[in-house]
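Enquirer: what follows is a protein structure lacking sequence information:
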């Protein structure tokens, strides 16, 4: 398998309901992860984009969190509908999606 141009990490942390930190799972991270998988498969981007689910990346209240490397851009409050935008604009187009980026004080 060739080294991917971009690597996407999706937080799939699952904490119990009512946990003070919350969790990306409670915010719909499974839908986000599935949408990334479907879009990568649909567009046949397996050799260009790596996709990995992760545990907690820190900003739980702003999840689901998505981190893109090699740039180190973290997105927050990502929903299923934003996945295509991230793929088209950032992963394929090279321009981060400013409206979804975590605030500077978070990341």
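Expert: Perfect, I can see it now. The structure displayed is predicted, hence computed values, not measured ones. Numbers count the residues shown, from 1 in each chain.
Enquirer: and the lengthiest helix in the chain, how far out from the chain middle?
Expert: If you go by DSSP state H, the chain has its longest helix at helix 29-42. The chain centroid and the centroid of helix 29-42 are separated by 10 Å under C-alpha atoms, centre = their mean, to the nearest Å.
Enquirer: sec struct for residue 87, please.
Expert: Three-state assignment for residue 87 (DSSP: H, G, I helix; E, B strand; the rest coil): helix.
Enquirer: ok, it to residue 59 distance?
Expert: According to C-beta to C-beta, to the nearest Å, residue 87 stands 22 Å off from residue 59. C-betas here are computed from N, CA, C, even on glycine.
Enquirer: what of residue 95?
Expert: Between residue 95 and residue 59 the distance is 22 Å, computed by C-beta to C-beta.
Enquirer: in terms of neighbours, single out the busier of the two.
Expert: residue 59 (19 against 9; other C-beta atoms under 10 Å).
Enquirer: please name the nearest non-neighbouring residue to the more buried one.
Expert: Spatial nearest neighbour of residue 59, chain neighbours left out: residue 106 (4.9 Å); criterion: C-beta to C-beta, 6 or more residues apart in numbering.
Enquirer: so what does residue 53 look like in phi/psi?
Expert: Backbone geometry at residue 53, expressed as degrees, to the nearest 10, gives phi -90, psi 150.
Enquirer: residue contacts, the closest residue to it other than its chain neighbours?
Expert: Using C-beta to C-beta, 6+ apart and skipping residues adjacent in sequence, the residue nearest residue 53 is residue 12, 4.3 Å away. Contacts here follow C-beta atoms under 8 Å, 6 or more residues apart in numbering; on that basis residue 12 touches 24-25, 29-30, 33, 53-55.
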